[in-house]
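**Student:** quick one, structure for this:
(one chain, ligands or ions: 1)
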Amino acid sequence: MTTSSNTCDVLVLGSGPAGSSLAAILAEKGWQVDVWEKDPHPRFHIGESLLPHTLPFLKQLGVLEEVKRIGLQKFGAELVSPDHDESVTLYFSGAMDKNHPYAYQVRRSEFDEILLKNSQKKGAHVREGFEAKTVDFSDPSLATIHGKNAQGIAVSQQARYVVDATGRQTFLANQFNTKQRNLQHNSASVFGHFEDVVRHSGKDEGNLTICWFDQGWFWIIPLTDGVTSVGMVCWPSYLKSRTNNLEDFFWQTVHMSLPMTHRMKKATSIMPIVATGNYAYQSTVMTGSQFMLVGDAFAFVDPILSSGVHLALHSGIRGADVVDAYLHGHAQAGQKARDFETAVKHGLKTYSWFIYRITQPAFRNLAMVPRNFFRIHEAISSMLAGDVFGTTPVQLPLFLFKGLYYLIAMLDLKANLVQYQKRKRAVEEEPVASLPPGQ
Ligand SMILES: Cc1cc2nc3c(=O)[nH]c(=O)nc-3n(C[C@H](O)[C@H](O)[C@H](O)COP(=O)(O)OP(=O)(O)OC[C@H]3O[C@@H](n4cnc5c(N)ncnc54)[C@H](O)[C@@H]3O)c2cc1C
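**Tutor:** Sure, this is the predicted structure:
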């Protein structure tokens, strides 16, 4: 057993966007920050599509120029529906705040490494190959974290504050037994990286494509160097119904959609197809005087709105202020933690309303025929751009959008009820576990 001689101020577990952003800010403030990461960078991670309002976070962290170099510009999201003849592209330039007209599509191996190296540059002490196993909080002033290093040797470290940024591994929520399945959502996903996927030309090359099909929807995320991330999100029952291996199942599903068949007609996969599920959850606990859960370690709902990295960076950056207040022993630390929790939950709630309804015919009809009555189209573009934490007055038009959605659902009650029942059955199903490649 190796015990680190140093007691650090903050031990951050996990170095995705949430952990590395928080580590960078606290190290910059002069705290002694250690980071444990079980998988050495660069490592594959799914989730390549960023949002325009993520760019100010990257600027604040000092990595925007580096991200620009590895990213493909994304000006909007194209929606393709089997019930509509033409696709629709929602451009971020149509959002209420015109200052953020684009984002980037990034390879997460490169993006996450940039963020981690940035935290190191600012003074964080990174230990790759270190996997946390348990934390002992019995001493109220010093937590002890136990784990193992890349050689499998037991390691431990003491820290005044522990930040769980372990993503969907949900390390602390598992230890505390506070992880709860999301009772309003349940989906699974099958994905890979491909070469020679048909791309749009010019300014539209980097746009995200969302293509609905009977059992869910596909994403197409073009990356630099001709590689494209393609995946489907479906009801768990559809994934469970497969009788072939993941690769064949993926292609069989692509061929269920004409637009996808066209985009993938010459595509070849450059990595084994992967399936992941069981990812709609939330912890009942987020912060304490000795710990905090940030990013996916606290909650995740669904990939459709590409909000995961945005929410992870938001919670990492804002969470750093709360940790700073606890370490200083500030009297207002508890209040800061409560405000932080409110902000994080507000972001999740805003996206969840749309995620829960996105497969409904009423939603599709509204999205495919964008109208700007009372600025609702601008507000939807703002939400898609990640403008949910700022001062842009999106709440009223989003509220009106919701009203219009219910009205349209009433006018086509039968179709919407059928889809609602389908969704309800999917939510009640047992989630599917993630599957290793090749299964
Ligand atoms: C199918 C799918 C598609 C998605 N697409 C998008 C998208 O297009 N855009 C988007 O913004 N989001 C997307 N997301 C969501 C996005 O991937 C996540 O929300 C985001 O990565 C969360 O960041 P994080 O820092 O919280 O966690 P992560 O990025 O998952 O980082 C967690 C880190 O912790 C490490 N770790 C885990 N356990 C331990 C441990 N015990 N000890 C030490 N280290 C540990 C892991 O190795 C990892 O490096 C998608 C998600 C899914 C499931």
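**Student:** where do the domain boundaries of the protein fall?
**Tutor:** 2-71+106-182+281-350, 73-99+188-276+359-439 (automatic domain parsing).
**Student:** need those in TSV with mean pLDDT, can you?
**Tutor:** Listed next are the domains of the chain as TSV, based on pLDDT from 0 to 100:
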stretch	mean pLDDT
domain 2-71+106-182+281-350	96
domain 73-99+188-276+359-439	92
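**Student:** how about these in CSV, adding mean neighbour count and distance to the ligand?
**Tutor:** Heads up, the C-betas are built off the backbone N, CA and C, glycines and all. CSV is the format used below for the domains of the chain (neighbours: other CB atoms under 10 Å; distance: least, CB to the nearest ligand atom, whole Å):
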stretch, mean neighbour count, distance to the ligand
domain 2-71+106-182+281-350, 20, 2
domain 73-99+188-276+359-439, 17, 4
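**Student:** show me what contacts residue 346?
**Tutor:** 388-389 (CB atoms under 8 Å, 6 or more residues apart in numbering).
**Student:** one more: the one 4 residues further on?
**Tutor:** Neighbouring residues of residue 350 by CB under 8 Å, 6+ apart: 383, 388, 398.
**Student:** how about the helices in this structure?
**Tutor:** For the chain, applying DSSP state H gives helices covering 17-28, 55-61, 64-70, 108-121, 171-176, 236-240, 246-254, 258-263, 308-328, 333-357, 361-368, 376-384, 395-411, 413-428.
**Student:** and the residue nearest the centre of the chain?
**Tutor:** Geometric centre of the chain, nearest residue: residue 308, 1.7 Å, by CA atoms, centre = their mean.
**Student:** how far away is that residue from residue 69?
**Tutor:** 22 Å (CB to CB, to the nearest Å).
**Student:** and the gap between residue 118 and residue 317?
**Tutor:** 12 Å.
**Student:** overlap in contacts, those two.
**Tutor:** residue 61.
**Student:** pretty sure the residue nearest to the centre of the chain contacts residue 47?
**Tutor:** Yes. Assessed by CB atoms under 8 Å, residue 308 is found in contact with residue 47 at 5.2 Å.
**Student:** nearest to residue 146, of the helices of the chain?
**Tutor:** With CB to CB as the criterion, residue 146 lies closest to helix 171-176 of the helices of the chain, at 11.0 Å.
**Student:** which helices and strands does that closest one pack with?
**Tutor:** Applying 3 or more CB pairs under 8 Å, 6 or more residues apart in numbering; DSSP states H and E, one finds that helix 171-176 contacts strand 131-136, strand 154-164, strand 281-283, strand 291-293.
**Student:** run the last query once more with 10 Å
**Tutor:** strand 131-136, strand 154-164, strand 179-181, strand 281-283, strand 291-293 (3 or more CB pairs under 10 Å, 6 or more residues apart in numbering; DSSP states H and E).
**Student:** OK, contacts around the spatially closest residue to residue 412 that is not a sequence neighbour?
**Tutor:** Nearest non-adjacent residue to residue 412, counting by CB to CB, 6 or more residues apart in numbering: residue 361, 6.1 Å away. Contact analysis of residue 361 by CB atoms under 10 Å, 6 or more residues apart in numbering lists 81, 83, 408-409, 412, 414-420.
**Student:** go again with 6 Å.
**Tutor:** Applying CB atoms under 6 Å, 6 or more residues apart in numbering, we find residue 361 in contact with 415-416, 419.
**Student:** then residue 92?
**Tutor:** Counting by CB under 6 Å, 6+ apart, residue 92 has contacts 52, 76, 101, 385.
**Student:** gap between the first one and residue 217?
**Tutor:** So the one you mean is residue 52. 21 Å.
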